[in-house]
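Peer 1: show me the folded form of this:
(one chain, ligands or ions: 1)
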Amino acid sequence: MRKPVIAGNWKLYKTAPEALELVSGLMPLISGRSNVEVVVAPVFTVIDRVRAAIAGSGIFLAAQDCFWEEEGAFTGEVSPKMLADVGCSHVIVGHSERRQFFAESDAAVNKKIRAAVGAGLTVIFCIGETLEERESGNTFNVLSGQVSGGLEGMVPADMEKVIVAYEPVWAIGTGRTASETQAQEAHAFIRSQVSKLFNAEVAQSVRILYGGSVKPENIGGLIAQPDIDGALVGGASLKPDSFAALVNAA
Ligand code: 13P
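Peer 2: Numbers count the residues shown, from 1 in each chain. Take a look at the predicted model:
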(Lines give C-alpha, C1' and ligand atoms only; values in the text may rest on other atoms or scores of the structure.)
Protein backbone atom coordinates (compact mmCIF):
# COMPACT_ATOMS: atom_id res chain seq x y z
CA MET A 1 0.00 0.00 0.00
CA ARG A 2 2.91 2.38 0.72
CA LYS A 3 5.21 2.51 -2.28
CA PRO A 4 8.83 2.20 -1.16
CA VAL A 5 11.14 5.15 -1.74
CA ILE A 6 14.89 5.04 -2.22
CA ALA A 7 16.29 8.56 -2.23
CA GLY A 8 19.91 9.50 -2.81
CA ASN A 9 21.11 12.61 -1.04
CA TRP A 10 24.29 13.56 -2.84
CA LYS A 11 25.10 16.27 -0.26
CA LEU A 12 28.04 18.47 -1.34
CA TYR A 13 29.40 16.03 -3.91
CA LYS A 14 29.50 15.73 -7.70
CA THR A 15 30.50 18.28 -10.28
CA ALA A 16 28.45 18.23 -13.47
CA PRO A 17 30.59 15.61 -15.29
CA GLU A 18 30.64 13.43 -12.16
CA ALA A 19 26.87 13.76 -11.70
CA LEU A 20 26.23 12.79 -15.32
CA GLU A 21 28.55 9.81 -15.01
CA LEU A 22 26.66 8.69 -11.91
CA VAL A 23 23.19 8.86 -13.45
CA SER A 24 24.26 7.37 -16.74
CA GLY A 25 25.75 4.43 -14.85
CA LEU A 26 22.70 4.13 -12.62
CA MET A 27 19.88 4.22 -15.18
CA PRO A 28 20.53 0.91 -16.94
CA LEU A 29 20.95 -0.84 -13.58
CA ILE A 30 17.49 0.12 -12.32
CA SER A 31 15.41 0.37 -15.47
CA GLY A 32 11.95 -1.13 -15.19
CA ARG A 33 11.75 -0.77 -11.38
CA SER A 34 8.37 0.95 -11.37
CA ASN A 35 7.44 -0.47 -7.94
CA VAL A 36 10.02 1.78 -6.21
CA GLU A 37 10.04 5.59 -6.13
CA VAL A 38 13.66 6.44 -6.93
CA VAL A 39 14.78 9.98 -6.12
CA VAL A 40 18.12 11.71 -6.58
CA ALA A 41 19.06 14.97 -4.87
CA PRO A 42 22.01 16.70 -6.54
CA VAL A 43 23.48 20.06 -5.57
CA PHE A 44 21.59 23.05 -6.98
CA THR A 45 24.19 23.76 -9.66
CA VAL A 46 23.74 20.43 -11.45
CA ILE A 47 19.99 19.97 -11.05
CA ASP A 48 19.18 21.08 -14.58
CA ARG A 49 21.86 18.87 -16.16
CA VAL A 50 20.70 15.88 -14.15
CA ARG A 51 17.08 16.63 -15.12
CA ALA A 52 18.01 16.44 -18.79
CA ALA A 53 20.02 13.26 -18.29
CA ILE A 54 17.28 11.35 -16.41
CA ALA A 55 14.35 12.54 -18.55
CA GLY A 56 12.05 9.60 -19.30
CA SER A 57 13.81 7.27 -16.82
CA GLY A 58 11.15 7.54 -14.11
CA ILE A 59 13.74 8.80 -11.60
CA PHE A 60 12.48 11.75 -9.56
CA LEU A 61 14.54 14.87 -9.02
CA ALA A 62 14.96 16.53 -5.63
CA ALA A 63 16.76 19.54 -4.21
CA GLN A 64 18.51 19.30 -0.86
CA ASP A 65 16.92 22.39 0.66
CA CYS A 66 14.78 25.41 -0.20
CA PHE A 67 13.79 28.77 1.23
CA TRP A 68 10.22 29.61 2.24
CA GLU A 69 9.70 32.79 0.23
CA GLU A 70 8.70 32.60 -3.42
CA GLU A 71 10.97 35.47 -4.49
CA GLY A 72 12.45 38.69 -3.13
CA ALA A 73 15.61 40.21 -1.74
CA PHE A 74 17.00 37.03 -0.18
CA THR A 75 20.53 36.69 -1.53
CA GLY A 76 21.70 33.13 -1.92
CA GLU A 77 18.34 31.44 -1.45
CA VAL A 78 16.33 29.25 -3.83
CA SER A 79 12.54 29.06 -3.68
CA PRO A 80 10.25 26.04 -4.05
CA LYS A 81 8.69 27.65 -7.11
CA MET A 82 12.12 27.87 -8.74
CA LEU A 83 12.84 24.25 -7.92
CA ALA A 84 9.55 23.17 -9.48
CA ASP A 85 10.38 25.36 -12.48
CA VAL A 86 13.67 23.53 -13.04
CA GLY A 87 12.02 20.12 -12.84
CA CYS A 88 12.23 19.10 -9.19
CA SER A 89 9.33 17.06 -7.86
CA HIS A 90 10.83 16.58 -4.39
CA VAL A 91 12.86 18.59 -1.89
CA ILE A 92 14.68 17.51 1.25
CA VAL A 93 13.91 19.76 4.21
CA GLY A 94 15.34 19.80 7.73
CA HIS A 95 18.30 17.52 7.15
CA SER A 96 20.34 17.19 10.35
CA GLU A 97 23.34 18.78 8.61
CA ARG A 98 21.23 21.89 8.02
CA ARG A 99 20.03 21.83 11.61
CA GLN A 100 23.59 21.29 12.95
CA PHE A 101 25.70 23.51 10.70
CA PHE A 102 23.19 26.16 9.64
CA ALA A 103 21.16 26.43 12.85
CA GLU A 104 17.85 25.50 11.23
CA SER A 105 15.09 25.44 13.81
CA ASP A 106 11.86 23.46 13.76
CA ALA A 107 10.10 26.76 13.00
CA ALA A 108 12.26 27.38 9.93
CA VAL A 109 11.79 23.78 8.83
CA ASN A 110 8.03 24.22 9.20
CA LYS A 111 8.02 27.36 7.02
CA LYS A 112 10.06 25.56 4.36
CA ILE A 113 7.81 22.49 4.37
CA ARG A 114 4.67 24.57 4.05
CA ALA A 115 6.11 26.65 1.23
CA ALA A 116 7.36 23.58 -0.62
CA VAL A 117 4.04 21.73 -0.30
CA GLY A 118 2.28 24.92 -1.40
CA ALA A 119 4.44 24.94 -4.55
CA GLY A 120 3.40 21.35 -5.30
CA LEU A 121 6.67 19.70 -4.27
CA THR A 122 6.88 16.49 -2.27
CA VAL A 123 8.92 17.12 0.86
CA ILE A 124 11.34 14.64 2.39
CA PHE A 125 11.12 15.91 5.95
CA CYS A 126 14.13 14.83 8.04
CA ILE A 127 14.17 14.28 11.76
CA GLY A 128 16.42 12.41 14.15
CA GLU A 129 18.09 12.52 17.52
CA THR A 130 21.76 13.06 18.35
CA LEU A 131 23.79 10.47 20.23
CA GLU A 132 23.62 12.58 23.38
CA GLU A 133 19.84 12.80 23.11
CA ARG A 134 19.57 9.02 22.63
CA GLU A 135 21.91 8.23 25.49
CA SER A 136 20.06 10.55 27.84
CA GLY A 137 16.79 8.78 27.05
CA ASN A 138 15.31 11.67 25.10
CA THR A 139 14.88 10.11 21.67
CA PHE A 140 11.09 10.06 21.70
CA ASN A 141 10.80 13.58 23.14
CA VAL A 142 13.08 14.92 20.44
CA LEU A 143 11.26 13.08 17.64
CA SER A 144 7.89 14.17 18.93
CA GLY A 145 9.02 17.83 19.09
CA GLN A 146 10.51 17.69 15.60
CA VAL A 147 7.38 16.08 14.13
CA SER A 148 4.91 18.46 15.74
CA GLY A 149 7.14 21.53 15.15
CA GLY A 150 7.89 20.66 11.55
CA LEU A 151 4.29 19.84 10.63
CA GLU A 152 2.56 22.60 12.57
CA GLY A 153 -0.39 24.20 10.81
CA MET A 154 -0.63 21.50 8.17
CA VAL A 155 -3.84 19.66 7.30
CA PRO A 156 -4.29 15.98 6.39
CA ALA A 157 -4.39 16.69 2.64
CA ASP A 158 -0.94 18.34 2.85
CA MET A 159 0.48 15.09 4.15
CA GLU A 160 0.04 13.45 0.74
CA LYS A 161 3.05 15.58 -0.18
CA VAL A 162 5.19 14.67 2.81
CA ILE A 163 7.60 11.78 3.25
CA VAL A 164 9.27 11.57 6.66
CA ALA A 165 12.91 10.50 6.94
CA TYR A 166 14.13 9.26 10.30
CA GLU A 167 17.87 9.81 10.36
CA PRO A 168 19.49 9.33 13.74
CA VAL A 169 22.36 11.83 13.69
CA TRP A 170 24.76 9.31 15.23
CA ALA A 171 24.20 6.94 12.30
CA ILE A 172 24.87 9.46 9.52
CA GLY A 173 28.16 8.92 7.74
CA THR A 174 29.51 6.96 10.69
CA GLY A 175 29.06 3.42 9.43
CA ARG A 176 27.04 2.85 12.58
CA THR A 177 23.52 1.94 11.44
CA ALA A 178 20.61 1.86 13.85
CA SER A 179 19.66 -1.74 14.53
CA GLU A 180 16.52 -3.00 12.84
CA THR A 181 14.82 -2.96 16.22
CA GLN A 182 15.92 0.60 17.07
CA ALA A 183 14.84 1.85 13.67
CA GLN A 184 11.49 0.05 13.70
CA GLU A 185 10.75 1.35 17.21
CA ALA A 186 11.46 4.93 16.14
CA HIS A 187 9.42 4.57 12.94
CA ALA A 188 6.43 3.14 14.79
CA PHE A 189 6.67 6.01 17.25
CA ILE A 190 6.81 8.60 14.45
CA ARG A 191 3.79 6.99 12.80
CA SER A 192 1.90 7.20 16.08
CA GLN A 193 2.77 10.90 16.35
CA VAL A 194 1.49 11.49 12.82
CA SER A 195 -1.71 9.71 13.80
CA LYS A 196 -2.11 11.99 16.83
CA LEU A 197 -1.45 15.15 14.82
CA PHE A 198 -3.65 14.19 11.86
CA ASN A 199 -5.48 10.86 11.85
CA ALA A 200 -4.97 7.12 11.51
CA GLU A 201 -5.47 7.17 7.76
CA VAL A 202 -2.71 9.75 7.24
CA ALA A 203 -0.44 7.77 9.56
CA GLN A 204 -1.05 4.57 7.60
CA SER A 205 -0.31 6.18 4.25
CA VAL A 206 2.69 8.39 5.10
CA ARG A 207 6.00 6.91 4.01
CA ILE A 208 8.73 6.91 6.65
CA LEU A 209 12.27 6.36 5.37
CA TYR A 210 15.28 5.34 7.40
CA GLY A 211 18.59 7.13 6.85
CA GLY A 212 22.04 6.68 8.34
CA SER A 213 24.75 4.41 6.89
CA VAL A 214 22.31 2.47 4.70
CA LYS A 215 24.21 0.07 2.45
CA PRO A 216 23.38 -2.88 0.22
CA GLU A 217 24.40 -5.16 3.12
CA ASN A 218 21.90 -3.76 5.63
CA ILE A 219 18.95 -2.54 3.54
CA GLY A 220 17.21 -5.94 3.50
CA GLY A 221 16.73 -6.17 7.25
CA LEU A 222 15.69 -2.53 7.56
CA ILE A 223 13.14 -2.52 4.76
CA ALA A 224 11.61 -5.74 6.07
CA GLN A 225 10.44 -3.85 9.17
CA PRO A 226 6.72 -3.05 9.04
CA ASP A 227 7.11 0.72 9.48
CA ILE A 228 10.20 1.27 7.30
CA ASP A 229 9.15 2.32 3.81
CA GLY A 230 12.51 2.93 2.21
CA ALA A 231 15.74 4.79 2.72
CA LEU A 232 17.38 8.18 2.44
CA VAL A 233 20.93 7.40 1.46
CA GLY A 234 24.09 9.49 1.52
CA GLY A 235 27.40 7.74 0.85
CA ALA A 236 25.97 4.67 -0.90
CA SER A 237 24.03 6.88 -3.34
CA LEU A 238 27.23 8.25 -4.85
CA LYS A 239 28.06 5.12 -6.86
CA PRO A 240 25.81 3.49 -9.46
CA ASP A 241 26.39 -0.05 -8.19
CA SER A 242 25.63 0.54 -4.52
CA PHE A 243 22.64 2.82 -5.19
CA ALA A 244 21.20 0.39 -7.75
CA ALA A 245 21.62 -2.46 -5.26
CA LEU A 246 19.54 -0.49 -2.76
CA VAL A 247 16.83 0.21 -5.34
CA ASN A 248 16.76 -3.42 -6.39
CA ALA A 249 16.52 -4.58 -2.77
CA ALA A 250 13.51 -2.35 -2.02
P1 13P B 1 24.94 8.26 4.95
O2 13P B 1 24.12 7.27 4.17
O3 13P B 1 26.21 8.65 4.26
O4 13P B 1 25.12 7.83 6.37
O5 13P B 1 24.07 9.61 5.00
C6 13P B 1 22.75 9.55 5.42
C7 13P B 1 22.10 10.85 5.15
O8 13P B 1 22.35 11.83 5.81
C9 13P B 1 21.16 10.93 4.02
O10 13P B 1 20.45 12.13 4.05
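Peer 1: what does the chain have sitting close to the ligand?
Peer 2: 9, 95, 167, 172-173, 211-214, 232-236 (C-beta under 6 Å from any ligand atom). Any C-beta I mention is one placed from the backbone N, CA and C, and that applies to glycine too.
Peer 1: show me where this protein has helices.
Peer 2: 16-30, 47-54, 80-85, 96-101, 106-118, 131-135, 139-150, 180-197, 200-205, 219-223, 240-249 (DSSP state H).
Peer 1: mind putting those in TSV, mean pLDDT and mean neighbour count included?
Peer 2: TSV is the format used below for the helices of the chain (pLDDT from 0 to 100; neighbours: other C-beta atoms under 10 Å):
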stretch	mean pLDDT	mean neighbour count
helix 16-30	98	17
helix 47-54	98	18
helix 80-85	98	19
helix 96-101	97	17
helix 106-118	98	21
helix 131-135	94	14
helix 139-150	98	19
helix 180-197	98	18
helix 200-205	98	14
helix 219-223	97	19
helix 240-249	97	20
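Peer 1: okay if I get those helices as JSON lines plus distance to residue 73?
Peer 2: Listed next are the helices of the chain as JSON lines, based on distance: least, C-beta to C-beta, whole Å:
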{"stretch": "helix 16-30", "distance to residue 73": "29"}
{"stretch": "helix 47-54", "distance to residue 73": "23"}
{"stretch": "helix 80-85", "distance to residue 73": "15"}
{"stretch": "helix 96-101", "distance to residue 73": "22"}
{"stretch": "helix 106-118", "distance to residue 73": "17"}
{"stretch": "helix 131-135", "distance to residue 73": "37"}
{"stretch": "helix 139-150", "distance to residue 73": "26"}
{"stretch": "helix 180-197", "distance to residue 73": "34"}
{"stretch": "helix 200-205", "distance to residue 73": "37"}
{"stretch": "helix 219-223", "distance to residue 73": "44"}
{"stretch": "helix 240-249", "distance to residue 73": "38"}
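Peer 1: out of these, nearest to residue 2?
Peer 2: Set against residue 2 and scored by C-beta to C-beta, the helices of the chain come closest in helix 200-205, at 6.5 Å.
Peer 1: number of residues surrounding the residue of the chain found nearest the ligand?
Peer 2: Nearest residue of the chain to the ligand, counting by C-beta to the nearest ligand atom: residue 234, 2.3 Å away. Per other C-beta atoms under 10 Å, the neighbour tally for residue 234 reads 21.
Peer 1: ok, it touching residue 211?
Peer 2: Yes. Using C-beta atoms under 8 Å, residue 234 is in contact with residue 211, at 7.3 Å.
Peer 1: give me the common contacts of these two.
Peer 2: Counting by C-beta atoms under 8 Å, 6 or more residues apart in numbering, the residues touching both residue 234 and residue 211 are 9, 172.
Peer 1: for residue 7, give me its contacts.
Peer 2: With contacts defined as C-beta under 8 Å, 6+ apart, residue 7 is in contact with 38-41, 62, 90, 92, 124, 163, 165, 209, 230-233, 237.
Peer 1: what about the closest residue to the residue of the chain closest to the ligand other than its chain neighbours, neighbour count?
Peer 2: Excluding its sequence neighbours, the residue lying closest to residue 234 (C-beta to C-beta, 6 or more residues apart in numbering) is residue 9, at 5.3 Å. As a burial measure, residue 9 scores 26 neighbours (other C-beta under 10 Å).
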